[in-house]
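Q: Sequence first, then the predicted structure, then my questions.
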Amino acid sequence: MKRAIISGINGQDGSYMTEYLISIGYEVHGIIHGPGGYNEESVERPGSESPLFYHPCDTSDPGQLTKLIYDIIPDEIYHFESRGRMNVRYDMHEFSGDITGLSSLMVLESVRQSGVGCKFCQSSSCEIFGSTPPPQNELSPFRPHSPYACAKLMSHLSAVNYREAHGLFAASGILFNHESPRKGEIFVSRKITSAVARIRACEEKHLIVGDLKPQRDWGYAPEYMEMMWKIIDGDAPCDYVIGTGEAHTVGEFVEEAFSYAGLDWGEHVKIDPRYFRPTDSRGLRADYTKAKNELGWEPRIRFRELVRIMVDADMRALGLEPPGEGDRVLRERFPRIWWEIE
């Protein structure tokens, strides 16, 4: 049985990655933050037969990380830990750098120090492209526009450096926006769909958002995690851009979500300049040619379907009967659903 370590296991990506790996026969060890740091007695396990283990560990402490890796001897490490909240992106520069940037460096150095020879997969972000005109691919210039994006670039380049300088199997998935019902409501996609559900439930009257003009390449998170496994399963470490190749504005997301739920967005949406970003990547759209040719990547869920999946889930969470088109698409496109449907 293969073993994998996942940092950021409690986030959207980490939780889906966990479920996918377990579905294909892995033993999964998740890094969590807890008092006292890592030791053999601190391991948590949901059940006696479960292939999932939780390890309290401070990812800023290379000593703890090295011991953890040496004790588990993983075949693979998936690094998802980061902080992408708005106030962290723009106001807490040192925190963003420490958690998002330095943690990758610490994990990579711990892999090197442990000498276990495992594979490492870095979750990089399309935000590192910043103002580079779309479409963006693996050879596009990096022009990050926020402290978070700068920190993610540090993480990405750290993986490249350890691959080239130390011979580590360090690969990166440069993931464009990937969403799901597990996305936190601090992110605009989930903020929109959860507000739609609450408005339908008569719990709220308005959605307050910032700029509606930025364009993003929106995809469905579970299938991006399948690609992270394909990236690390290869014979040689490489970096791959993963996205849908389509760009849609935040305004389009708003309009699609409200219209799907039978609501007029013009009656419920208010613009607040306080939510505008000081600088923003106006146009992000993936050129996933390399991933398509080498890994067989082709997105099964497109923009409209993604929005409907998320609205269905948020309505169901409030006890409402959803339109159901998103649920139908999931059953149709994924005959073997390996994750828990929200």
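A: Yes, it's here. Numbering: from 1, shown residues only.
Q: For residue 292, the count of nearby residues, please.
A: Here the count is done by other C-beta atoms under 10 Å, and residue 292 has 14 residues near it. (Glycine included, C-beta is placed from N, CA and C.)
Q: can you check the one 10 residues further on too?
A: Here the count is done by other C-beta under 10 Å, and residue 302 has 16 residues near it.
Q: Quick check: phi and psi at it.
A: Note on residue 302: backbone dihedrals following degrees, to the nearest 10 are phi -100, psi -180.
Q: what's the pLDDT at the closest residue to it other than its chain neighbours?
A: Take residue 302 and drop its neighbours on the chain: the residue closest to it by C-beta to C-beta, 6 or more residues apart in numbering is residue 244, 6.1 Å away. We have a pLDDT of 98 for residue 244.
Q: In terms of helix, strand or coil, where does residue 244 fall?
A: Each residue gets one of three states, and residue 244 gets coil by DSSP: H, G, I helix; E, B strand; the rest coil.
Q: Need the mean per-residue confidence for whichever strand or helix holds residue 253.
A: Assigned by DSSP states H and E, residue 253 belongs to helix 250-260. For helix 250-260, the mean per-residue pLDDT is 98.
Q: For the helix or strand following it, name the packing helices and strands.
A: Next along the chain after helix 250-260, taking DSSP H and E as the criterion, comes helix 265-268. Packing partners of helix 265-268 (3 or more C-beta pairs under 8 Å, 6 or more residues apart in numbering; DSSP states H and E): helix 250-260.
Q: buried sites along the helix it packs on?
A: Residues 250-258, 260 are the ones in helix 250-260 that count as buried (16 or more other C-beta atoms under 10 Å).
Q: Stretch 131-144 now?
A: Residues 132, 134-137, 140, 142, 144 are the ones in stretch 131-144 that count as buried (16+ other C-beta under 10 Å).
Q: In terms of distance to residue 108, which of those residues ranks first?
A: residue 142 (18.6 Å; C-beta to C-beta).
Q: Next one: the closest one relative to residue 126, how far apart?
A: 11 Å (C-beta to C-beta, to the nearest Å).
Q: Could you do residue 315 as well?
A: To residue 126, residue 315 is 29 Å away according to C-beta to C-beta.
Q: and residue 265, how many residues sit next to it?
A: Look at residue 265: counted by other C-beta under 10 Å, it has 18 neighbours.
Q: Wait, it touches residue 254, no?
A: Yes - Residue 265 lies in contact with residue 254 (C-beta atoms under 8 Å); the separation is 5.3 Å.
Q: OK, contacts around the residue nearest to residue 302?
A: 176, 217-219, 286, 288, 299, 302-303 (C-beta atoms under 8 Å, 6 or more residues apart in numbering).
Q: Generate a PyMOL selection restricted to the buried entries among those residues.
A: Of these, the buried ones can be selected in PyMOL as follows, counting by 16+ other C-beta under 10 Å:
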select buried, resi 176+217+218+219+286+288+299+302+303
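Q: and the contacts of residue 244, which two are the farthest apart?
A: Pairwise distances across the contacts of residue 244 (C-beta to C-beta) peak at 14.9 Å, for the pair 288 and 303.
Q: OK, contacts around the nearest residue to residue 126 once chain neighbours are set aside?
A: Spatially, and ignoring its direct neighbours in sequence, residue 126 is nearest to residue 176 (4.2 Å; C-beta to C-beta, 6+ apart). Counting by C-beta under 8 Å, 6+ apart, residue 176 makes contact with 126, 216-219, 241-244, 284-286.
Q: if I look at residue 176, how far off is residue 296?
A: Distance, residue 176 to residue 296, by C-beta to C-beta: 18 Å.
Q: ok, back up a step: export the contacts of residue 176 to TSV and tack on distance to residue 101 and secondary structure?
A: Shown next, in TSV, are the contacts of residue 176 (distance: C-beta to C-beta, whole Å; DSSP: H, G, I helix; E, B strand; the rest coil):
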residue	distance to residue 101	secondary structure
126	17	helix
216	22	strand
217	23	coil
218	25	coil
219	24	strand
241	20	strand
242	21	strand
243	23	coil
244	27	coil
284	20	coil
285	25	coil
286	23	strand
